[in-house]
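Q: Quick one, what's the 3D model for this:
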Amino acid sequence: MYIATLIALTGLEESALDIARDAAAAAGGQPGGTRWIEAGIAADLAIGAEPFAVRDAIEAALPGIDVIVQKPEHRLKTLLVADMDSTMITVECIDELADYAGIKPQVAEVTERAMRGELDFEAALDARVGLLRDMDAAMLDRCLAERVTIMPGARALVRTVRARGGTAILVSGGFTHFADPVARQIGFNRAISNRLGLADGRLDGTVARPIVGAETKREVLIGALAALSIGAERSIAIGDGANDLLMIGVAGLGVAYHAKPKVAAAADARVRNGDLSVLLYAMGLPRSEWANAD
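A: Numbers count the residues shown, from 1 in each chain. Model prediction:
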């Protein structure tokens, strides 16, 4: 047995549930009954078989709606591991730093290709950071203050998981100068990220080793599962780029969040329309049961 959770933050009509049921049936999903999680926003549809075919069929039939298909057991997760840039915040920090240096188009193109999996992550990171050599370190604080915005739904998601006894870890291929304050603002237990090299108050164009990349993200998730003595089915991993694929593959629910095509194709679930609060509905929680996100 599976459940397909349909979420439309802008409004979900009863007729959409009928369309979803028909699409699931056509995909061989043996659909059953429905249950509202939040009236007019999110609902569960019981599914008997073919979970991924059902997901694809409902997404095709209702393109403005997010669909998360999973087993009902352990839908409320105990461990959350998340990427930062373009996932927990709305920007790629390295691209914004490059903007201050007047080289954003060049750097952003490399970032996009790396996140699509077309370039080696570590080599691409070294190349982009090298272009920022001699930037005044004060620009890090300026970028944090002016450009970094928390993703809608991030605080509610993380704080709700923690309020229910869970653990949340931010693990980023970005930089400590941003990841540490972002983790505090959102409510993560801890953050793991890369350190930019500094000398005489300026960026020296290097990144400290070892670089936090795809393998580190996977290891952080596996290590946290062991430390908490829980199975992978009780974990959720969220990311958007190719360096998130390994951790997404290990987690009980791997989520591609407004992700690159390679990631969306590989993930168990994908959020294409709504914000991070979609995942709270996927956990079966109405807004009345979310933690205070102020």
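Q: Going by residue numbers, what spans are helices in the stretch 1-150 of the chain?
A: In the stretch 1-150 of the chain, the helices defined using DSSP state H, counting those that start in this stretch lie at 14-26, 51-61, 93-100, 104-115, 121-130, 138-147.
Q: Q106 and V129, how far apart?
A: In this structure, Q106 and V129 are 13 Å apart, going by CB to CB, to the nearest Å. From N, CA and C alone the C-beta is placed, and that goes for glycine too.
Q: actually Y257, not the one I typed
A: 25 Å.
Q: okay, these two: which has more neighbours?
A: Neighbours per residue, other CB atoms under 10 Å: of Y257 and V129, the larger number sits with Y257, 29 against 23.
Q: Look up which residues are beta-bridged to the more buried one.
A: V271 (DSSP bridges).
Q: measure stretch 179-196 end to end?
A: End-to-end span of stretch 179-196 (CA to CA, to the nearest Å): 12 Å.
Q: Distance from that stretch to the middle of the chain?
A: 15 Å (CA atoms, centre = their mean, to the nearest Å).
Q: residues making contact with that stretch?
A: 82, 84, 88-89, 125, 129, 140, 144, 148, 150, 154-155, 158-159, 162, 167-178, 203, 206-208, 211-212, 216, 220 (CB atoms under 8 Å, 6 or more residues apart in numbering).
Q: Find me the pLDDT at D294, would you?
A: pLDDT recorded at D294 is 59.
Q: what do you get for S288?
A: pLDDT, S288: 97.
Q: how deep is it tucked in, by neighbour count?
A: Neighbour tally, S288, other CB under 10 Å: 6.
Q: try P286
A: 14.
Q: Identify the residues contacting it.
A: 37-38, 42.
Q: let's see 10 Å
A: 36-39, 41-42, 280 (CB atoms under 10 Å, 6 or more residues apart in numbering).
Q: cool, and K77?
A: By CB under 10 Å, 6+ apart, the residues touching K77 are 161, 164, 166-168, 230, 233-237, 251-253, 279, 282-283.
Q: For it, give its distance to D126.
A: When K77 is compared with D126 (using CB to CB), they lie 34 Å apart.
Q: cool, and R55?
A: Taking CB to CB, one finds R55 at 37 Å from D126.
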